[in-house]
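A.B. asks: for reference, the sequence and a predicted model appear below.
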Amino acid sequence: MLFLFWGAFFVEHSAEWFMRSDGRFPPTWVAVQHGFHFLMLVGLAAMLKWDKVGAAILIASTCAFFGFLGLRGFPWIALLNLIPLLCFGLFWWAQPVSNRATG
């Protein structure tokens, strides 16, 4: 669900910035921020197969994306990306110790 949520924003912003009728390319900061947004989607998708790798990508890209926004105060919408991380954390914690070392 988060992939669809953030994916809808990604598609909308792609159309807004990269498919302009005047043919102008967006400023560099928009392209960089859009790249971090794409990496958030990569992290969410990667978690379906590789939970730890996807979680690492999601954490790094979420911090970079929302840190790059430069919003005043904490962007509370970023906490949405904690939902799968909390679920994975509970799953990893519930695993027997012998399975934690082997992954």
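C.D. replies: Yep, it's here.

A.B. asks: what's the helix or strand for the residue nearest the centre of the chain?
C.D. replies: Geometric centre of the chain, nearest residue: Met40, 2.1 Å, by Cα atoms, centre = their mean. Using DSSP states H and E, Met40 sits in helix 28-46.

A.B. asks: so the helix or strand encompassing Trp6 versus helix 28-46, what angle?
C.D. replies: In the assignment (DSSP H and E), Trp6 maps to helix 2-18. Angle of helix 2-18 versus helix 28-46, following axes from the mean of the first three to the mean of the last three Cα atoms, to 10 degrees, is 160 degrees.

A.B. asks: quick one: buried residues of helix 2-18?
C.D. replies: Under the neighbour-count criterion of 16 or more other Cβ atoms under 10 Å, helix 2-18 has Leu2, Phe3, Trp6, Gly7, Phe10, Trp17 buried. To be clear about C-beta, it is placed using only N, CA and C from the backbone, and glycine gets the same treatment.

A.B. asks: nearest residue to Ser14 other than its sequence neighbours?
C.D. replies: Nearest in space to Ser14, with sequence neighbours left out and distances taken as Cβ to Cβ, 6 or more residues apart in numbering, is His34 at 7.2 Å.

A.B. asks: how about Ile59?
C.D. replies: Leu85 (7.0 Å).

A.B. asks: mean confidence for whichever strand or helix holds the one you found?
C.D. replies: Using DSSP H and E, Leu85 sits within helix 82-94. Here helix 82-94 scores 83 as its mean pLDDT.

A.B. asks: look at the residue nearest to Ser14 and report its pLDDT.
C.D. replies: 88.

A.B. asks: swap in the one 3 residues further on?
C.D. replies: The model reports His37 with a pLDDT of 92.

A.B. asks: and Ala101, by the same measure?
C.D. replies: On the pLDDT scale, Ala101 gets 57.

A.B. asks: then Gly73?
C.D. replies: At Gly73, pLDDT is 65.
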